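Enquirer: next come a sequence and a model predicted from it.
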Amino acid sequence: MTRRARRWLLPVLALALAPGIAARVGPGATPAPAAPFAVVLGIAQDGGYPQAGTRESAAWDDPAQRRLVASLAVVDPQSGERWLVDCTPDFPQQLHRLDEIAPAQGTPGLAGILLTHAHVGHYAGLIHLGRESMSAHEVPVYAMPRMADFLRKNGPWELLVRLRNVVIVPLAAGTPMRLGARLTATPLLVPHRDEYSETVAFRIAGPTRSLLWLPDIDKWEKWDAQGTKLEDVLARVDVAYVDGTFFADGEIPGRPMTEIPHPFVRETIARLARLPAAERRKVHFVHLNRTNPLVRGDAKARAEVAAAGMAVAEEGERQAL
């Protein structure tokens, strides 16, 4: 087994053997089934890190500094089923990592792919399912109405549908979708730059725990105006991966950041400062832009997040469900 494989596999084994998940039992007893879990497969914004055209990035020379585009895998060890939340341009590497963590029969061995929206970092990896690559057969792709319409009517995606490389499974906002026997995914509409599709977050719930995957949103105040508050959503999950695209205003010199609105990490920290520590600990920032000091591991920026009682998502981290 390679060193990289051990790096990804050992935390899964630790999770599977954790007390209350798949602990050893006495002779003659039936072992408890391993709990479903989620694993982070990428933390970067749509362009990845380093990003095309950024010649100055030290990550070009040091692979250890590189980060894949934000994506989440959900696994049920009992059934052997696996799902992806967002299908990124880094799909080949992320599928390989998932195969190391939780091997499955068949290619790509996915029970489904859940899409948040039609920005390039969240669906472009679907192209690898086509006949020019793996020529997959009827992979379920869970999509909201506009997202589904976009895939059916625009090439090259419509060819995936026509050749049945993928099968569209419709989603409805606020309605839980059953994923296998022990998991559900509920899409939550969020305000974003919806040029081609609506945008959703997902609440993924297992037998004992739940998480929020919310990589993209314009501003928390826009969600407030739609009748949904971040604080209320946090109260209904055990961990929340939230939009941390930019750390602070002015991060992109010479470009007005109102063109690409996201809640700055510092805005989220300030907004949630009065919440109990247990609620703030749920927050893990993800979808980090190349300009965000958090994606580079900047010690000062990370210390600021830690002081707020929050965390930065890390590739390979697991959450039991």
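Expert: Sure, I can see it.

Enquirer: what about the stretch 51-200 of the chain, any weak spots by pLDDT?
Expert: Within the stretch 51-200 of the chain, not a single segment meets pLDDT under 70.

Enquirer: tell me where it has strands.
Expert: 71-76, 81-85, 112-114, 139-143, 166-170, 177-179, 183-189, 200-205 (DSSP state E, counting those that start in this stretch).

Enquirer: make JSON lines from these and add distance to residue 307 and mean neighbour count to it.
Expert: From N, CA and C alone the C-beta is placed, and that goes for glycine too. As requested, those are arranged in JSON lines below (distance: least, Cβ to Cβ, whole Å; neighbours: other Cβ atoms under 10 Å):
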{"stretch": "strand 71-76", "distance to residue 307": "26", "mean neighbour count": "26"}
{"stretch": "strand 81-85", "distance to residue 307": "29", "mean neighbour count": "24"}
{"stretch": "strand 112-114", "distance to residue 307": "33", "mean neighbour count": "23"}
{"stretch": "strand 139-143", "distance to residue 307": "38", "mean neighbour count": "23"}
{"stretch": "strand 166-170", "distance to residue 307": "42", "mean neighbour count": "16"}
{"stretch": "strand 177-179", "distance to residue 307": "36", "mean neighbour count": "16"}
{"stretch": "strand 183-189", "distance to residue 307": "29", "mean neighbour count": "20"}
{"stretch": "strand 200-205", "distance to residue 307": "26", "mean neighbour count": "24"}
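
Enquirer: who's the closest spatial neighbour of residue 119, skipping the chain neighbours?
Expert: Leaving aside its chain neighbours, residue 119 sits nearest to residue 46 (5.9 Å; criterion: Cβ to Cβ, 6 or more residues apart in numbering).

Enquirer: number of residues surrounding that neighbour?
Expert: 20 (other Cβ atoms under 10 Å).

Enquirer: circling back to that earlier point, turn the strands of the stretch 51-200 of the chain into JSON lines, columns for distance to residue 126.
Expert: Converted to JSON lines, the strands of the stretch 51-200 of the chain look like this (distance: least, Cβ to Cβ, whole Å):
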{"stretch": "strand 71-76", "distance to residue 126": "12"}
{"stretch": "strand 81-85", "distance to residue 126": "10"}
{"stretch": "strand 112-114", "distance to residue 126": "7"}
{"stretch": "strand 139-143", "distance to residue 126": "7"}
{"stretch": "strand 166-170", "distance to residue 126": "7"}
{"stretch": "strand 177-179", "distance to residue 126": "18"}
{"stretch": "strand 183-189", "distance to residue 126": "18"}
{"stretch": "strand 200-205", "distance to residue 126": "17"}
